[in-house]
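K.L.:
turn this into a model:
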Amino acid sequence: MVGTPVDIMPYVRGVQLILTGYNGYTKGSRIENDKLVREEIVRAINRVRNHMKNIFDIKFKENNMDIARVAKQCMEECDYFAEDVKKAVGGMEHAFLSGQSSPSNRELKKLIQHDHDVITMIIEAVNLSNSAEFSMNTEEDKTKMIISQTTQKITSCRGFFNARADRKSTRLNSSHQ
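P.N.:
Numbering: from 1, shown residues only. As a prediction, the model looks like this:
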């Protein structure tokens with residue numbers, strides 16, 4: 001089933017709430033929209049990392065190495081994810097000249113849904129990291145659990161984001177056979 005604009009509008013609107021200027025990969029703006037999405041993901045990753053760095057710094061100074069260690073692990077996962085996003089393959093203006101085929105409406109619909117889902121997941125990670133920092137001075141076990149959940153969310157989000165590139169390369173490889 002080919003996606004129609006009505007089918008994808010909730011996803012486009014969801015992304016537009018976060019990204020001013022996003023219009024769902026219309027012709028002539030695909031590179032800019034892809035860049036907007038990736039920049040927003042990196043900004044959200046940095047927010048998570050900043051919360052974890054605050055926790056790490058405070059708990060390290062307090063000599064609470066258990067929480068400092070899990071916060072450091074989360075920071076490292078954030079760093080890996082940010083690098084993946086920064087190095088991800090972007091769209092090209094002239095698919096004909098690049099050897100890539102132009103995406104179909106169905107593929108664009110999947111990409112828009114994927115962007116929406118990645119941004120939703122990373123916002124959940126930001127909220128978790130905020131909760132971890134907030135609970136830091138009250139409940140140590142709860143803080144450690146929330147940091148672990150944040151790390152897991154970042155890891156899941158990273159895998160989900162990287163699946164975007166895997167789908168693109170699978171589509172390209174199957175179209176050249």
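
K.L.:
rest of the way, CA atoms for contacts and neighbours
P.N.:
OK.

K.L.:
check which element follows the helix or strand of the chain with the lowest mean pLDDT along the chain.
P.N.:
Lowest by mean pLDDT, DSSP states H and E among the helices and strands of the chain is helix 95-98, with a mean of 44. The helix or strand immediately downstream of helix 95-98 is helix 105-135, counting by DSSP states H and E.

K.L.:
mind giving me the packing neighbours of that next one?
P.N.:
If contacts are counted by 3 or more CA pairs under 8 Å, 6 or more residues apart in numbering; DSSP states H and E, helix 105-135 sits against helix 5-16, helix 30-61, helix 140-175.

K.L.:
which stretch in these has the least confidence?
P.N.:
Lowest mean pLDDT within those: helix 5-16, a mean of 54.

K.L.:
export the helices and strands packed on helix 105-135 to TSV and tack on distance to H116 and mean neighbour count?
P.N.:
What follows is the helices and strands packed on helix 105-135, written out as TSV (distance: least, CA to CA, whole Å; neighbours: other CA atoms under 10 Å):
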stretch	distance to H116	mean neighbour count
helix 5-16	6	16
helix 30-61	9	19
helix 140-175	11	17
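
K.L.:
looking at the ones you listed, which is nearest to L128?
P.N.:
Of all these, it is helix 140-175 that lies closest to L128, at 5.7 Å by CA to CA.

K.L.:
any idea how many residues pack against C74?
P.N.:
Residues lying near C74 (other CA atoms under 10 Å) number 27.

K.L.:
check which helix or strand covers V89.
P.N.:
Short version, using DSSP H and E: V89 is in no helix or strand.
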